[in-house]
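Q: Here is the input, now give the coordinates:
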Amino acid sequence: MNYETSRRDFLRATSLSLAGLSGLQSSGDLFANPAGAGKPKQVELAIATITIDGFGDMNFEPFFALAPKLPFKNVEFNCWYARNLTPAGIRSIKERCRQHKLTPVCMQGSSFGASGNIIKDVTHKLWNMEAARQLGCKRVKFTGAGRGSEGGLDAVINVLKELAPAAEEMGMLILVENHANNNLETIEDYDRIFSAVSSPNVGMCMDNAHFDGANVDLMQVVDRFHSRILHIDLKDTERKGIHKVVRYGQGVTDNAGVVERMLGHGYKGYLLIEMAPPQHKETLEEDLKRAYQLFQKYER
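A: Residues are numbered from 1 along each chain as shown. Sure, this is the predicted structure:
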């Protein structure tokens with residue numbers, strides 16, 4: 001048995017053994033039909049916890065305090081702190097979602113970054129995938145490190161090559177999110193990723209404001225990668241070349257244009273409200289209800 005075969009067999013065995021630890025099946029997929037939910041939609045709105053919590057370790061307490069007052073039912077959990085990913089942390093998220101009738105649909109873990117040995121990055125992402133599955137999600141999301149750091153784009157690609165077979169085994173989608181001034185930033189970056197990693201379980205999370213912040217044309221991204229765009233983050237940046245989040249409509253980001261163009265290509269997935277960090281806490285509830293009203297028309 002050669003090295004490549006051994007490596008693939010190891011990843012397959014690892015993903016299957018992790019599945020056995022949980023004893024749970026995914027139930028939070030977009031196309032699942034939970035009891036009482038009626039006919040499932042193919043495009044739905046969701047909200048990210050950082051839209052309410054910001055970037056600190058809040059144990060999602062501000063989110064769960066405000067979320068029941070909002071019309072959103074689908075949630076992306078930004079699990080960037082250790083206690084979020086322990087068995088107790090995962091159980092806590094599940095229980096609070098059950099109490100408030102919220103559905104976890106995606107877990108965002110901390111970024112790719114492997115300047116030397118990639119094993120820590122691979123195992124971290126594998127556990128994120130299993131933790132997401134325990135929550136009932138079929139999606140995990142990661143961005144990159146600062147431009148040129150932590151092994152650059154080469155390290156991201158090497159990690160994705162290792163993870164793709166496990167994602168296929170686990171029925172998990174890996175969403176690779178762009179950020180300005182990041183190893184995941186340009187059209188060329190994604191050309192390299194998708195040339196190297198052809199798995200249908202690896203795709204783009206298109207963050208519209210970050211592409212504007214990096215001066216990348218949004219419509220060129222859609223036209224080139226629409227078949228690999230699996231998740232869309234909706235937020236508005238103040239101006240091109242600068243990523244500074246503002247209220248929807250106060251910046252330059254053409255979120256509506258992106259969504260309409262993607263729907264024309266048959267997009268199926270989530271439209272994520274990610275107006276973060278919250279800059280106007282006194283009007284946050286009102287702002288998020290308005291965001292829902294702005295984009296609800298795109299649900300299908």
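Q: Do you have the strands of the chain handy? List them.
A: Ranges of strands within the chain are 43-48, 74-78, 103-108, 139-142, 173-177, 202-207, 229-234, 236-239, 242-246, 269-273, based on DSSP state E.
Q: who touches the first one?
A: By C-beta atoms under 8 Å, 6 or more residues apart in numbering, the list of residues contacting strand 43-48 from outside reads 30, 67, 70, 72, 74-76, 78, 105-106, 108, 233, 263, 267-274, 276, 288, 292, 295-296, 298-300. In this view, the C-beta of every residue, glycine as well, is placed from N, C-alpha and C.
Q: among these, which ones are buried?
A: The neighbour-count test (16 or more other C-beta atoms under 10 Å) marks 30, 67, 70, 72, 74-76, 78, 105-106, 108, 233, 267, 269-274, 276, 288, 295, 298 as buried among those.
Q: Find the nearest non-adjacent residue to Arg96, please.
A: Nearest residue to Arg96, sequence neighbours excluded (C-beta to C-beta, 6 or more residues apart in numbering): Phe64, at 5.1 Å.
Q: from what I can see that neighbour touches Lys101, true?
A: No: look at Phe64 against Lys101 with C-beta atoms under 8 Å: they stay out of range, at 11.8 Å.
Q: And these two? Which one has more around it.
A: Between Phe64 and Lys101, Phe64 has the larger neighbour count (other C-beta atoms under 10 Å), namely 21 against 10.
Q: could you dump stretch 173-192 to PDB, C-alpha only?
A: Presented in PDB, the C-alpha positions along stretch 173-192 are these (Å, rounded to 0.1, in the frame of the first residue of the first chain):
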ATOM      1  CA  LEU A 173     -19.900  21.100   2.700                       C
ATOM      2  CA  ILE A 174     -16.700  23.100   3.300                       C
ATOM      3  CA  LEU A 175     -17.300  26.800   2.600                       C
ATOM      4  CA  VAL A 176     -14.100  28.700   1.900                       C
ATOM      5  CA  GLU A 177     -14.800  32.400   2.700                       C
ATOM      6  CA  ASN A 178     -13.000  35.400   1.100                       C
ATOM      7  CA  HIS A 179     -11.700  38.300   3.200                       C
ATOM      8  CA  ALA A 180      -9.900  41.500   2.200                       C
ATOM      9  CA  ASN A 181      -6.200  41.400   2.800                       C
ATOM     10  CA  ASN A 182      -6.300  37.600   3.200                       C
ATOM     11  CA  ASN A 183      -5.000  34.500   1.700                       C
ATOM     12  CA  LEU A 184      -8.500  34.000   0.300                       C
ATOM     13  CA  GLU A 185      -9.100  37.300  -1.400                       C
ATOM     14  CA  THR A 186      -9.000  37.300  -5.200                       C
ATOM     15  CA  ILE A 187     -10.400  35.600  -8.300                       C
ATOM     16  CA  GLU A 188      -7.000  34.100  -8.900                       C
ATOM     17  CA  ASP A 189      -6.900  32.600  -5.400                       C
ATOM     18  CA  TYR A 190     -10.200  30.700  -6.000                       C
ATOM     19  CA  ASP A 191      -9.000  29.700  -9.500                       C
ATOM     20  CA  ARG A 192      -6.100  28.000  -7.800                       C
END
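Q: quick one: that stretch to chain centroid distance?
A: A distance of 13 Å separates the centroid of the chain from that of stretch 173-192, by C-alpha atoms, centre = their mean, to the nearest Å.
Q: cool, and stretch 104-120?
A: Chain-centre distance of stretch 104-120: 12 Å, with C-alpha atoms, centre = their mean.
Q: Stretch 189-203 too?
A: On C-alpha atoms, centre = their mean, the centre of stretch 189-203 falls 16 Å from that of its chain.
Q: just stretch 165-175 next, same as before
A: With C-alpha atoms, centre = their mean, you get 14 Å for stretch 165-175.
Q: measure that stretch end to end?
A: 15 Å (C-alpha to C-alpha, to the nearest Å).
Q: Give me the buried positions along that stretch.
A: Neighbour-count burial for stretch 165-175 flags 165-170, 172-175 (criterion: 16+ other C-beta under 10 Å).
Q: Identify the residues contacting stretch 86-104?
A: 28, 34, 59-60, 64, 67-68, 72-77, 79, 83-84, 131-132, 134-137.
Q: May I see the buried residues of it?
A: Using 16+ other C-beta under 10 Å as the burial criterion, the residues of stretch 86-104 that qualify are 89-90, 92-93, 96-97, 102-104.
Q: Give me the distance between it and the centre of its chain.
A: Computed by C-alpha atoms, centre = their mean, the chain-centroid distance of stretch 86-104 equals 18 Å.
Q: Identify the residues contacting Leu173.
A: Counting by C-beta under 8 Å, 6+ apart, Leu173 makes contact with 138-140, 167, 201-203, 230-231.
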